[in-house]
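Novice: Fold the following for me, if possible:
(one chain, ligands or ions: 3)
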Amino acid sequence: MTPNAHLVSHPLVQHKLTLMRRKDASTNSFRRLLNELASLMAYEVTRDIPTSEIEIETPLEMTRGQVIDGKKLVFVSILRAGTGILDGMLSVVPGARVGHIGLYRDPKTLTAVEYYFKMPSDMQERDIVVVDPMLATGNSAVAAVERLKELSPKSIKFVCLLTCPEGLKTMYEAHPDVPVYTAAIDRQLNEHGYILPGLGDAGDRIFGTK
Ligand SMILES: O=P(O)(O)OC[C@H]1O[C@H](OP(=O)(O)OP(=O)(O)O)[C@H](O)[C@@H]1O
Ligand SMILES: O=c1cc[nH]c(=O)[nH]1
Ligand SMILES: [Mg+2]
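Specialist: Ligands and ions are numbered 1, 2, ... in the order given. Prediction:
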């Protein structure tokens, strides 16, 4: 396993991922499980976000407490399938900002083709969490992170549900500074660039487009 990988092995995460993988999981249950998984992954990924102390008043007395600055965090969704992760992430950090990058893999070359890019302002002050269920060849993630690095953010993390040794290696070679959080590292890619055993085409399963 390359040094960039952080495997989220929590039993709840593994349980939901197993149910999502099943080919007979309906679009409805696939979406619900993805949403629940995203919340669990968000909990893990935000373990080190900065907090500050503020003064508050309880019904009994003044005290001080820690708060996060949710506005500093940006979830960047790689369209389409990244969208399936966003709601679950935002339920854990409701104040976060959201950016979108539209990318699709050319089915023949498997290279990432960009068709959309929209980010919040002041990205140089923000911590970015890029979300996409799949890190397969790594071409989409590498392209997305390359574009984001042009905005010099404070930090970048990548979150997916499934990856494979090939995707982790491609990502580590291009962006060794970007940690990859994943619920599973599967065996390999097939000749069409799909993860095996995998869960199929994430975007098509979320949106029922196949
Ligand atoms: O690591 P890679 O080899 O780049 O593959 C991963 C990408 O492939 C899928 O997107 P797809 O191109 O199918 O678009 P979609 O999300 O709109 O279905 C998936 O959602 C990832 O973005
Ligand atoms: O297995 C895979 C690989 C790339 N993209 C997907 O949606 N699934
Ligand atoms: Mg797809």
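Novice: Look up how far Glu166 lies from the residue nearest to Asn190 when sequence neighbours are not counted.
Specialist: Excluding its sequence neighbours, the residue lying closest to Asn190 (Cβ to Cβ, 6 or more residues apart in numbering) is Leu196, at 5.4 Å. Just so you know, the C-beta spots here come from the backbone N, C-alpha and C atoms, and that holds for glycine as well. According to Cβ to Cβ, to the nearest Å, Leu196 and Glu166 sit 11 Å apart.
Novice: if you look at stretch 199-210, does any of it touch ligand 1?
Specialist: Yes: residues of stretch 199-210 are located near ligand 1 by Cβ under 6 Å from any ligand atom, namely 201-203.
Novice: quick one: which of those residues is most hemmed in?
Specialist: Ala202 (25 neighbours; other Cβ atoms under 10 Å).
Novice: Just want the phi and psi numbers for that one.
Specialist: phi -60, psi -50 (degrees, to the nearest 10).
Novice: Surely it is in contact with Met134?
Specialist: Yes: with contact defined as Cβ atoms under 8 Å, Ala202 counts as touching Met134 (5.1 Å).
Novice: who touches both of the two?
Specialist: 81, 161 (Cβ atoms under 8 Å, 6 or more residues apart in numbering).
Novice: how long is stretch 156-171 end to end?
Specialist: Taking Cα to Cα, to the nearest Å, the first and last residues of stretch 156-171 lie 13 Å apart.
Novice: now swap in stretch 176-193 and tell me
Specialist: End-to-end distance for stretch 176-193, by Cα to Cα: 22 Å.
Novice: Pull out the buried positions in that stretch.
Specialist: For stretch 176-193, a neighbour-count test (16 or more other Cβ atoms under 10 Å) marks 178-186, 189, 193 as buried.
Novice: for these, which one is nearest ligand 3?
Specialist: Distance to ligand 3, by Cβ to the ion, is smallest for Gly193 among the buried residues of stretch 176-193, at 10.5 Å.
Novice: Who are the contact partners of the closest one?
Specialist: Contacts of Gly193 by Cβ under 8 Å, 6+ apart are 105, 110, 136-137.
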